[in-house]
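> quick check, what structure comes out for this input:
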Amino acid sequence: MTSTLALLLLFPLLGAQVTPMKAIEHVLDDFHDAAAKADGARYFAHFAEGAAFVGTDPGERWTVAEFKAYAEPHFSKGQGWTYTPIAREVHLGPDGKTAWFYERLRNPKYGETRGSGVLILADGRWRIAQYVLSFPIPNGKTAAVLDALRGPLPTD
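Down below sits the predicted model:
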């Protein structure tokens, strides 16, 4: 039994109510936990049909199938990635079936990163419809970063 399913079954027994916000928080926490533990089945089960993952590289806008093809060889070797949430905001849409989020994350290699995206309620479960991972760049360092990305300017 997945930890998400176990949690959803356990809450009513304890007399606690699983609010949409709690359920969404749990999905995002479990998503990150599955990646850290290289649990591909659990990780990819959090995506909605037709979902997209947008990574930090300009060419990284993947369908779930494309992302799975990239990630599974790493996961099969027990190599995941660790992004630990340090702050998160979740907003529920007026229909109660859509939510968007922003989270600050800590990664051992990259330091602070940012995740944002959209979740939808599908078949009674919150699923990630889009996840965007990015690097926050302080405004005071933007020019230097952009210069580094452009490389040397051509000479006449």
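
> helices of the protein, residue ranges please.
With DSSP state H, the ranges of helices along the chain come out as 3-14, 20-36, 40-44, 64-76, 142-150.

> now those helices as a markdown table including mean pLDDT, mean neighbour count and distance to residue 88?
Yep, even glycine has a C-beta here, placed from its N, CA and C like the rest. Compiled in a markdown table, these are given as follows (pLDDT from 0 to 100; neighbours: other Cβ atoms under 10 Å; distance: least, Cβ to Cβ, whole Å):
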| stretch | mean pLDDT | mean neighbour count | distance to residue 88 |
| --- | --- | --- | --- |
| helix 3-14 | 50 | 12 | 17 |
| helix 20-36 | 97 | 18 | 7 |
| helix 40-44 | 98 | 18 | 18 |
| helix 64-76 | 97 | 15 | 22 |
| helix 142-150 | 89 | 10 | 25 |
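
> closest one to residue 82 among these?
Judged by Cβ to Cβ, the one of those that comes nearest to residue 82 is helix 20-36, at 4.4 Å.

> give the other helices and strands that that closest one contacts.
Based on contacts counted as 3 or more Cβ pairs under 8 Å, 6 or more residues apart in numbering; DSSP states H and E, the elements that helix 20-36 packs against are helix 3-14, helix 40-44, strand 84-92, strand 98-107, strand 111-122, strand 125-134.

> a markdown table for these, including distance to residue 143?
Converted to a markdown table, those look like this (distance: least, Cβ to Cβ, whole Å):
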| stretch | distance to residue 143 |
| --- | --- |
| helix 3-14 | 44 |
| helix 40-44 | 37 |
| strand 84-92 | 27 |
| strand 98-107 | 23 |
| strand 111-122 | 20 |
| strand 125-134 | 18 |
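
> residue 151 is nearest to which of these?
Closest approach to residue 151 among those (Cβ to Cβ): strand 125-134, 21.2 Å.

> go through the closest one and flag the buried ones.
Taking 16 or more other Cβ atoms under 10 Å as the neighbour-count basis, strand 125-134 is seen to contain the buried residues 125-133.

> okay if I get the residues you listed as TSV plus distance to residue 59?
Putting the buried residues of strand 125-134 into TSV (distance: Cβ to Cβ, whole Å) gives the following:
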residue	distance to residue 59
125	30
126	29
127	25
128	20
129	21
130	17
131	16
132	14
133	14
